[in-house]
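**Student:** Below are the sequence and a predicted model; questions follow.
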Protein chains: 2
Amino acid sequence: MESQARFQELQAKLKKSGYRATPQRVALLKIIAASTGHPSAAQIHEQMRRHFPTTTLGTVYKTLTLLKEMGEVLELEFSNVENRYDGNKPYPHLHLICMKCRRIIDPEIGPLGHVGAQVAKTTGYQIVGQRFELYGVCPQCQTTLREHLKVTSRK
Amino acid sequence: MESQARFQELQAKLKKSGYRATPQRVALLKIIAASTGHPSAAQIHEQMRRHFPTTTLGTVYKTLTLLKEMGEVLELEFSNVENRYDGNKPYPHLHLICMKCRRIIDPEIGPLGHVGAQVAKTTGYQIVGQRFELYGVCPQCQTTLREHLKVTSRK
DNA sequence: GTGCTTGCAAACAGTTTGCAGATAG
DNA sequence: CTATCTGCAAACTGTTTGCAAGCAC
């Protein structure tokens, strides 16, 4: 099982970095190792409460911060909306975000690493991260929108 | 003058969209038409206060919202840090962000539009926007960091 | 004159922080 | 046993909103 392996890896790295493997942290690691859908901190919290009803959002954020610093979780920042986290695929890749339902998927596309390498060479910057996102409307939401337009244009 | 032309264009589009050309808005248009350096709302506000000391951040945000909706200003969202705005080059392009001094530049690179087009075809999503960012450390800050390390490693 | 805009201030959301009690190693 | 971690709650930051007075058209 893919996510099981990722969980083991995360747990090992956590310990190797000198952090304690508390039950709460282990639960969070399992959740993000399994999640292919870029959850928010609140969604992770929600899942954790099933097993640890006393867990707080604050703890979730603290653990996510550790993992970010270890380079094992990717944080997608937004200003008005909750940030999203990706611990399943911590290396840089393209995200495709539906503006309507906020679903985020990882479309398959050729490697994007060469962009960073090229820019590093021409600018002298040392590249430490990247974020490539496409915003759009997913097929389902396009249908919904079309029906909505049909209805509202009748009035 | 390049930024002068951009200002004229923005002003014309503002009026065409039915908005009033208040002195505050005109001042903001001039500022973002001239700015090549992706200012924050607060930085724009700061500049505006030189000519309109009573202007508030709220008004800056309201005007920026208009321009975003008109598709004439690009907003770069961050969660802990102020958003940055680009009204000089409203079409999608690559941003290179220094993690240390927060400077944002536009490195020259081949067109990135084909990525969106390709993903649209394979996923069925209707693409409405994109955001390609590289995070790094600029040459000046690399020097600073090196000197800092030299100093701190002595203790 | 009318209704969009401004300025002010309060509200808001997500995230971060401080601290006392709990617990992993 | 002790330093780290949790849970709680308050603080914080950037952004948004509501409303009365002001001003563009």
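**Tutor:** That came through, no problem.
**Student:** From here on, just use CA atoms for contacts and neighbour counts.
**Tutor:** Noted.
**Student:** From residue A:131, how far off is residue A:121?
**Tutor:** 19 Å (C-alpha to C-alpha, to the nearest Å).
**Student:** More neighbours: the two, which one.
**Tutor:** residue A:131 (18 against 11; other C-alpha atoms under 10 Å in any protein chain shown).
**Student:** thinking the more buried one is in contact with residue B:136, fair?
**Tutor:** No - here residue A:131 lies out of contact with residue B:136, judged by C-alpha atoms under 8 Å, at a distance of 11.6 Å.
**Student:** Quick check: residue A:82 vs residue A:73, distance?
**Tutor:** Residue A:82 sits 16 Å away from residue A:73, going by C-alpha to C-alpha.
**Student:** what does chain A put close to chain B?
**Tutor:** Counting by C-alpha under 8 Å from any C-alpha of the partner chain, chain A comes close to chain B at A:77-80, A:83, A:107, A:109, A:116, A:119, A:123-139, A:142.
**Student:** Those in helices, which ones?
**Tutor:** A:116, A:119, A:123, A:139, A:142 (DSSP state H).
**Student:** ok, and the closest non-adjacent residue to the second one?
**Tutor:** Distance criterion C-alpha to C-alpha, 6 or more residues apart in numbering or on different chains; nearest residue to residue A:119, sequence neighbours excluded, is residue B:107 at 6.9 Å.
**Student:** got the contact list for that neighbour?
**Tutor:** A:119, A:123, B:94, B:95, B:96 (C-alpha atoms under 8 Å, 6 or more residues apart in numbering or on different chains).
**Student:** Mark which of these are buried, thanks.
**Tutor:** Taking 16 or more other C-alpha atoms under 10 Å in any protein chain shown as the criterion, what is buried in the contacts of residue B:107 is A:119, B:94, B:95, B:96.
**Student:** ok, the second one to DNA strand D distance?
**Tutor:** With distances taken as C-alpha to the nearest atom of the strand, to the nearest Å, residue B:94 is found 20 Å from DNA strand D.
**Student:** ok, and does stretch A:69-83 reach over to DNA strand D?
**Tutor:** Yes - contact between stretch A:69-83 and DNA strand D, assessed by C-alpha under 7 Å from any atom of the strand, occurs at A:79, A:80.
**Student:** Could I get the buried residue list for that stretch?
**Tutor:** A:72, A:73, A:74, A:75, A:76, A:77, A:83.
**Student:** Next: stretch A:19-35.
**Tutor:** Applying 16+ other C-alpha under 10 Å to stretch A:19-35 flags A:24, A:25, A:26, A:27, A:28, A:29, A:30, A:31, A:32, A:33, A:34, A:35 as buried.
**Student:** now do stretch A:102-113
**Tutor:** residue A:104.
**Student:** near DNA strand C at all, it?
**Tutor:** No - judged by C-alpha under 7 Å from any atom of the strand, stretch A:102-113 stays clear of DNA strand C, getting no closer than 12.2 Å.
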